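S.K.: Quick check, what structure comes out for this input:
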Amino acid sequence: MAAEEAEASTLEFTPTWIVAAVCSLIVLISLLAERCLHYLGKTFKRKNQKPLYEAILKVKEELMLLGFISLLLTVFQGMIQKTCISPGSTLHMLPCKREELAGEAGPTKEHFVTASQIIGRIGRRLLSDGAAGVEICRQKGKVPLMSLEAIHQLHVFIFVLAIMHVVFSVLTMVLGGAKIHQWKQWEDAIQKDNAGNGPKKVTGVHNFEFIREHFKGIGKDYRILSWLQSFFKQFYGSVGKSDYTTMRLGFIMTHCRGNLKFDFHKYMLRVLESDFKKVVGISWYLWVFVVIFLLLNVNGWHTYFWIAFIPLILLLAVGTKLEHVIAQLAQDVAEKNSAIEGDLIVKPSDDHFWFGRPRIVLFLIHFILFQNAFEIAFFFWILTTYGFNSCIMGQVVFIVPRLVIGLIIQLLCSYSTLPLYAIVTQMGSSYKKEIFNEHVQQGVLGWAQKVKLKKGFKKNNTTAESTSTAESAGPSAKIEMIKRTSGEGNDTTPLNEQRGKETSSAGESIE
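M.R.: As a prediction, this is how the structure comes out:
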């Protein structure tokens, strides 16, 4: 009895040196983590890596969200513990079968015994208020909605999931960025090449390496063959030198024709760094996915096994589509030309992408990385919490394929899909703001903000003067003033379009 009281002792009966030591350790670890992120952000900012700096801020936001979730679980755990439900409700949709309850006519007593054992086992680290919640529900002939042990384990799982997602996202970007940096030698060779200043020669379209590799012919059979080639090509040499050279020239001739020495490789890296801050975050729809999985993780369904195939299938579909976009660029040129004077130039277009939106690919990559991190996090959480032989872990025949699939997804996404995404999504109809360097971006945005404020100020002054005049002139003047204001609002559209064109043309001479 004395031992149980010692285990269940509250803070008022805990030695102060223990409280101070534990509190100091937690605060020290938290400060070290915060300082590391702070200095890492300062390093990125000092090196003008603004997208990576913003990604660090995004990680801090996710950590703040985790802290808020942790606070809510701690604050409301007493309320959850005192929320009572009927014992029969706890016998359905279980992750593990209750062997001890099978064949028993009255499961209520056994459930209470199990709950009491749980409370006794975790009294050292959880609030003792849970025992009172169990007693309240027992008096009503019911059981708690969730035990304190279950709340604690859910708490740990959410934390592990968020950390694994950030780690996997960083790992993917690092490995993918290393692959993309290998293309720098192609960019340097193009920058040094001045052959474009000489006379242009006429070349048969099928003599271009880009066309030979990607164009298989016209017709249904050749279309199927093109898709099959796109599927297998993502596993080897997803982007070759001819691919890079041709897509680079197509982008420059479409968006910045006046600057043939535009550094396309640097632009790609800036776009990729900008997208990283979106990938590293956990959006609301990803949390919805977590909730759905926790709901469907029922004993006998093997949800954790079948769900592992979702990111693999999506990843293969994305890689195939990106490769097929390259094939479509080649097909558009080959079908319209038999010979070409000068260099091969492809025409970027949003029509080559799903629903005409290249950004859908980033959304899918985000979901794939999160889903893969979720699988690995769930595995290690089960392993450390319940052990390898847990019923939630499942049989070895289900465990090994999950780990193999997770490894395949990580490697394929890093070395193939992400580099493909970085270059192929530039083949859309529009360019991104990263085409300007940081100083030009700030100048353009500042100019736009000033124009917007100036227009708003003038409009407010005009409206105020017109209102005061109309009030003195009568109702008919008010109606005339409203018509005049409406007409001026419509006349501003061509001016805005013209300013947009001027801003777009300014990008041709950037870099």
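S.K.: What are the boundaries of the strands in the chain?
M.R.: 84-85, 143-144, 202-204, 339-341 (DSSP state E).
S.K.: starting at the chain centroid, how far to the second one?
M.R.: What that stands for is strand 143-144. 38 Å (CA atoms, centre = their mean, to the nearest Å).
S.K.: which other helices and strands contact that strand?
M.R.: Here strand 143-144 touches helix 50-82, strand 84-85, helix 107-121, helix 129-139, going by 3 or more CB pairs under 8 Å, 6 or more residues apart in numbering; DSSP states H and E. Every C-beta, even on glycine, is put in place using the N, C-alpha and C of the backbone.
S.K.: Return the most buried member of the strands of the chain.
M.R.: strand 143-144 (a mean of 24; mean count of other CB atoms under 10 Å).
S.K.: Parallel or antiparallel, list what pairs with it.
M.R.: In the sheet, strand 143-144 lines up against strand 84-85 (antiparallel) (DSSP bridges).
S.K.: List the contacts of the partner strand.
M.R.: Contacts of strand 84-85 with the rest of the structure, by CB atoms under 8 Å, 6 or more residues apart in numbering, involve 136, 137, 140, 142, 143, 144, 145.
S.K.: Show me how far it is from its chain's centre.
M.R.: 38 Å.
S.K.: swap in stretch 29-38?
M.R.: That offset, for stretch 29-38, works out to 24 Å (CA atoms, centre = their mean).
S.K.: Throw the strands of the chain into CSV and include distance to residue 76 and mean pLDDT, thanks.
M.R.: CSV is the format used below for those (distance: least, CB to CB, whole Å; pLDDT from 0 to 100):
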stretch, distance to residue 76, mean pLDDT
strand 84-85, 15, 83
strand 143-144, 13, 82
strand 202-204, 71, 78
strand 339-341, 68, 79
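S.K.: could the contacts of strand 84-85 go into TSV alongside distance to residue 364?
M.R.: TSV is the format used below for the contacts of strand 84-85 (distance: CB to CB, whole Å):
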residue	distance to residue 364
136	48
137	45
140	49
142	45
143	42
144	40
145	36
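S.K.: among the residues you listed, who's most crowded?
M.R.: Greatest neighbour count in the contacts of strand 84-85, by other CB atoms under 10 Å, goes to residue 144: 25 neighbours.
S.K.: ok, now how distant is that one from residue 291?
M.R.: The gap separating residue 144 from residue 291 is 21 Å, by CB to CB, to the nearest Å.
S.K.: Over to residue 372?
M.R.: When residue 372 is compared with residue 291 (using CB to CB), they lie 18 Å apart.
S.K.: in stretch 236-252, what counts as buried?
M.R.: 238-240, 242-252 (16 or more other CB atoms under 10 Å).
S.K.: And for it, what's in contact with it?
M.R.: Stretch 236-252 has contacts (CB under 8 Å, 6+ apart) with 183, 186-187, 190, 208-210, 213, 259-260, 262, 264, 319, 323, 326, 329, 343-348, 416, 419-420, 423-424, 426-427, 431.
S.K.: Hmm, residue 318 and residue 364 touching each other?
M.R.: Yes - with contact defined as CB atoms under 8 Å, residue 364 counts as touching residue 318 (5.3 Å).
S.K.: and these two? which has more neighbours close in?
M.R.: residue 318 (22 against 19).
S.K.: what's near enough to touch the more buried one?
M.R.: Residue 318 neighbours (CB under 8 Å, 6+ apart): 361, 364, 365, 368, 417, 421.
S.K.: same check, this time on residue 150
M.R.: For residue 150, the contact set (CB under 8 Å, 6+ apart) is empty.
S.K.: do the same with residue 19
M.R.: residue 11.
S.K.: mind listing what's buried in stretch 67-84?
M.R.: Neighbour-count burial for stretch 67-84 flags 69, 77, 80, 81, 82, 84 (criterion: 16+ other CB under 10 Å).
S.K.: next one: stretch 347-367
M.R.: Neighbour-count burial for stretch 347-367 [16+ other CB under 10 Å]: 348, 349, 352, 353, 358, 361, 362, 364, 365, 366, 367.
S.K.: pLDDT weak spots in the stretch 101-250 of the chain?
M.R.: 101-133, 194-199, 219-220 (pLDDT under 70).
S.K.: redo that, cut-off 80
M.R.: When residues are selected by pLDDT under 80, those of the stretch 101-250 of the chain lie in 101-136, 139-140, 193-203, 205, 216-222, 237-238.
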